[in-house]
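Visitor: I need the structure of the sequence given here:
(4 chains)
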2 protein chains.
Amino acid sequence: MVAQAAGVSPSTVSRLLNGTARVSPEKRATIEVAIEALGFVVNPVASGLAGGRSRCIGVITQALSSPFYGNALLGIEDVLIGANYAPLFVSGHWRPRDEQRCINSLLSRRVDGLIILTPSLPDAELLALARRLPLVVTGRQLTGPGLCSLDFDNHAGAYLATEHLIRLGHRRIAFIKGTASHPDATDRLRGYKAALKAHGIAFDPALTVPGKFIEEGGEQATEHLLASGTAFTAMLAANDQMAYGAALALYRRGLRIPDDVALVGFDDLLGSSYTLPPLTSVRHPIQEIGRQAARAVTALIQGQVCEMQAPAPSLIVRDSCGAAPSVRVSHPV
Amino acid sequence: MVAQAAGVSPSTVSRLLNGTARVSPEKRATIEVAIEALGFVVNPVASGLAGGRSRCIGVITQALSSPFYGNALLGIEDVLIGANYAPLFVSGHWRPRDEQRCINSLLSRRVDGLIILTPSLPDAELLALARRLPLVVTGRQLTGPGLCSLDFDNHAGAYLATEHLIRLGHRRIAFIKGTASHPDATDRLRGYKAALKAHGIAFDPALTVPGKFIEEGGEQATEHLLASGTAFTAMLAANDQMAYGAALALYRRGLRIPDDVALVGFDDLLGSSYTLPPLTSVRHPIQEIGRQAARAVTALIQGQVCEMQAPAPSLIVRDSCGAAPSVRVSHPV
DNA sequence: GCCTGTCGTGAAAGCGCTTTCATAGTTGTG
DNA sequence: CACAACTATGAAAGCGCTTTCACGACAGGC
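Guide: So this is what the prediction gives:
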């Protein structure tokens, strides 16, 4: 340790740097001068080895390039850097095997905590993992020792969106429900059904179609629906990307939004302010959820119990349902 | 070291694990059995400390949530994991100060190499950095020891797009040029000018407007242009996100794409297949560039000189210029 | 059959920190 | 004023690996 050359023992320097114990003001000054002079920076690798903690948080996302998860990462990064932790981003690609590989890799790197965005691993595995190190998961309700979960109210969001369409007079509302295995998909479907029921509209299975949670999925689902001949006047997509795909499919058929079909998305991606027409969508403040998740791990690491509350969903009304005033829409943060 | 308990010396185990030297088949077998039995996994932190290399590559992107850079990260991740390196993603937010902070942080983490996507730091700094460790940069032409750059031909791309519009009969082609300080912006502007010149069209400064490289920038630039009263029949945006913004601004003014104004973007983001109408755009295979960058660092680390060639630009013609057949467009990879 | 080369292996010295443990110095209390 | 209770500091023992160095074993060449 270089700073030792300038007066005192390595232990004292270490203590000063980590705030482990009090150091007399004189020594403190001497050390600080020496550090400055030598341009010393700690080696996190060495301190990780010696101290057993790395000041790193592993963050497992599902798709590094997803516009949705990207914003979560932004929020996480921001908070973590502020708390002097370094995020380690890896992507699990929705595959439990990849996710497990990521976890093992992060574990071997001795991360101090883990954030998994919508894990694909079963609850039991996550609970077991949480026993090894602080864990925060999103998109799932789960409680246990060393575990904190942050679940967005997908049911309420879908309810809101469906009700909006109903209030506009729509009765035949199609729903692109996403991938069946995805927990968000099932919750959103429940919300859709609940809203229909609350307004006395019978649920018609022919109006719900599955689709992969990307543009192409929405496009294919819509083509499928159109080909089936089922009549509908409005569509709700379980995420914005599928809504974009749906819009394209409608466009190719010569159907206009909102005149022929009203369209609502889910997530309110940044790009949804810029579709033609701008898309009405359920706001899912994923960046804020990212921030909360980051705060939760740091709390967990300090041994605090954490009780996080995901922000409530809200509906951002734009032009795609024909009822919005066609004024300038302010951009989401 | 645990595996030592099962027969031989730690050195031998280390040699086997790293392939540093030959190990007799018998010992090899014994060790492998022991490793299996003990469920041993190496501790990268310790080996990083001891060996001086971490098998980590620092990757500095500018925006973690950007749909454009996100794809680059995907390509990088894929190749790096295949080469048994772990990527460390951080974002510089276009700010030289943040970028420098990221570099320092990665350096202190003892990364074995660095990839910087369109750095905002000056050439001299990068050259100096490359003397410290293998460095790959994109979006800039730079050569030096330990340095490899990968520059996309923005000039040719813009030329291609402009020429396409000219061939369709447009003479008054507006250009949203992006942020003046961004190197991509200036190259694309040059390409635009060159194409005009080659076709005997005088360059009209009133037709080029700046704009931040995001949707909002394109929107504001277009509003500005429309307000100025300058006549034009086509627009070229220096990236797709600005093209999306431009499309919205035109839409709000009641101008139709492609009937009233033809629109061409740049980058060919995934979403550009799904805008209404689907956007004609210059294909910028950023994911492939990411892969190449990743290959380049690993080559550089092994002391090889690298001579990478970024893929040539091409124009993906969709519906936004009115000349495309309105058939189903295949999705980009 | 002696000497030089090559090969597989073990011992041991770190890599740059953290952290017990021990020590000297200081203050407090009956 | 002696004894306990702190406090600030140093010495030294690792954290879990890599790597140099040295050593014995065996091969080939004169």
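Visitor: for chain A, what are the low-confidence residue spans?
Guide: A:323-333 (pLDDT under 70).
Visitor: what ranges do the helices span in it?
Guide: A:10-18, A:25-38, A:44-51, A:67-82, A:96-108, A:123-132, A:154-167, A:183-198, A:215-228, A:240-252, A:286-301 (DSSP state H).
Visitor: any chance of the ones you listed in CSV, plus distance to B:G7 and mean neighbour count?
Guide: Just so you know, the C-beta spots here come from the backbone N, C-alpha and C atoms, and that holds for glycine as well. As requested, these are exported to CSV (distance: least, Cβ to Cβ, whole Å; neighbours: other Cβ atoms under 10 Å in any protein chain shown):
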stretch, distance to B:G7, mean neighbour count
helix A:10-18, 36, 16
helix A:25-38, 44, 14
helix A:44-51, 26, 18
helix A:67-82, 43, 22
helix A:96-108, 23, 17
helix A:123-132, 29, 15
helix A:154-167, 55, 22
helix A:183-198, 48, 20
helix A:215-228, 54, 21
helix A:240-252, 55, 26
helix A:286-301, 39, 23
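Visitor: Among the ones you listed, which comes closest to A:P313?
Guide: With Cβ to Cβ as the criterion, A:P313 lies closest to helix A:154-167 of the helices of chain A, at 3.6 Å.
Visitor: May I have stretch A:244-259 exported as CSV, CA atoms only?
Guide: Listed next in CSV are the C-alpha coordinates belonging to stretch A:244-259 (Å, rounded to 0.1, in the frame of the first residue of the first chain):
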residue,chain,number,x,y,z
TYR,A,244,-46.9,-0.9,-32.5
GLY,A,245,-47.1,-4.2,-34.3
ALA,A,246,-50.9,-4.2,-34.1
ALA,A,247,-51.0,-0.7,-35.5
LEU,A,248,-48.9,-1.8,-38.5
ALA,A,249,-51.2,-4.8,-39.2
LEU,A,250,-54.2,-2.5,-39.1
TYR,A,251,-52.6,0.0,-41.4
ARG,A,252,-51.8,-2.7,-43.9
ARG,A,253,-55.4,-3.7,-43.9
GLY,A,254,-56.4,-0.1,-44.5
LEU,A,255,-57.9,0.3,-41.1
ARG,A,256,-57.4,3.7,-39.5
ILE,A,257,-56.5,4.5,-35.9
PRO,A,258,-58.6,5.7,-34.1
ASP,A,259,-61.4,6.1,-36.7
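Visitor: hmm, it touching chain B?
Guide: Yes: applying Cβ under 8 Å from any Cβ of the partner chain, one finds stretch A:244-259 touching chain B at A:Y244, A:G245, A:A247, A:L248, A:Y251, A:R252.
Visitor: my guess is the fifth one meets B:T275, correct?
Guide: Read that as A:Y251. No: assessed by Cβ atoms under 8 Å, A:Y251 is found out of contact with B:T275, at 9.8 Å.
Visitor: which ones are touching A:S228?
Guide: Shown in contact with A:S228 (Cβ atoms under 8 Å, 6 or more residues apart in numbering or on different chains): A:A206.
Visitor: That one and DNA strand C: what is the separation?
Guide: 64 Å (Cβ to the nearest atom of the strand, to the nearest Å).
Visitor: The stretch 1-150 of chain A against DNA strand D: which residues are in contact?
Guide: Neighbours of DNA strand D within the stretch 1-150 of chain A, by Cβ under 7 Å from any atom of the strand: A:7-12, A:15, A:21-24, A:26-27, A:49-50.
Visitor: quick one on the thing from earlier: what would the residues of stretch A:244-259 next to chain B look like in JSON lines with distance to DNA strand C?
Guide: As requested, these are arranged in JSON lines below (distance: Cβ to the nearest atom of the strand, whole Å):
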{"residue": "A:Y244", "distance to DNA strand C": "49"}
{"residue": "A:G245", "distance to DNA strand C": "51"}
{"residue": "A:A247", "distance to DNA strand C": "54"}
{"residue": "A:L248", "distance to DNA strand C": "55"}
{"residue": "A:Y251", "distance to DNA strand C": "59"}
{"residue": "A:R252", "distance to DNA strand C": "61"}
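Visitor: Check the stretch 201-333 of chain A for the residue nearest DNA strand C and tell me.
Guide: A:I301 (13.4 Å; Cβ to the nearest atom of the strand).
Visitor: how near is that residue to B:V45?
Guide: 18 Å (Cβ to Cβ, to the nearest Å).
Visitor: At the contact with chain B, which residues of the stretch 201-333 of chain A appear?
Guide: A:215-216, A:219, A:244-245, A:247-248, A:251-252, A:270-271, A:273-278, A:326, A:328, A:331.
Visitor: hmm, try it at 10 Å
Guide: A:214-216, A:218-219, A:223, A:241, A:243-252, A:256-257, A:269-271, A:273-278, A:286-287, A:319, A:326-329, A:331 (Cβ under 10 Å from any Cβ of the partner chain).
Visitor: and A:P134, what are its phi and psi?
Guide: phi -60, psi 130 (degrees, to the nearest 10).
Visitor: Chain A - how does it break down into domains?
Guide: Following the assignment in automatic domain parsing, chain A carries domains at A:2-31, A:51-152+A:286-302, A:154-283.
Visitor: Rebuild these as a markdown table, extending it with distance to B:I176.
Guide: Shown next, in a markdown table, are the domains of chain A (distance: least, Cβ to Cβ, whole Å):
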| stretch | distance to B:I176 |
| --- | --- |
| domain A:2-31 | 50 |
| domain A:51-152+A:286-302 | 21 |
| domain A:154-283 | 14 |
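Visitor: OK, contacts around the residue of the stretch 101-250 of chain A found nearest DNA strand C?
Guide: Closest residue of the stretch 101-250 of chain A to DNA strand C, Cβ to the nearest atom of the strand: A:D112 (11.9 Å). When contacts are counted by Cβ atoms under 10 Å, 6 or more residues apart in numbering or on different chains, A:D112 touches A:48, A:52-58, A:85-86, A:133-134, A:297-298, A:300-301.
Visitor: Relative to chain B, which of the residues you listed is nearest.
Guide: Distance to chain B across the contacts of A:D112 (Cβ to the nearest Cβ) is lowest for A:G48, with 4.9 Å.
Visitor: coming back round to it: ok, which of the helices of chain A comes nearest B:A180?
Guide: Using Cβ to Cβ, the nearest of those to B:A180 is helix A:67-82, at 25.6 Å.
Visitor: Spatially nearest residue to A:G52, not counting backbone neighbours?
Guide: Counting by Cβ to Cβ, 6 or more residues apart in numbering or on different chains, A:G52 lies nearest to A:R110, which is 7.2 Å off, once chain neighbours are set aside.
Visitor: my guess is the one you found contacts A:A50, does it?
Guide: No: between A:R110 and A:A50 there is no contact under Cβ atoms under 10 Å: 11.5 Å.
Visitor: Residues that sit against both of those two, list them.
Guide: Taking Cβ under 10 Å, 6+ apart as the criterion, A:R110 and A:A50 both touch B:V45.
Visitor: now, the most widely separated pair of the residues of the stretch 1-150 of chain A next to DNA strand D?
Guide: With distances taken as Cβ to Cβ, the most widely separated pair in those is A:E26 and A:L49, at 31.0 Å.
Visitor: Kindly provide the distance from the nearest residue to A:P277 once chain neighbours are set aside to A:S281.
Guide: The shortest distance from A:P277 to any non-neighbouring residue, by Cβ to Cβ, 6+ apart, is to A:D319 (3.7 Å). Counting by Cβ to Cβ, the gap from A:D319 to A:S281 is 11 Å.
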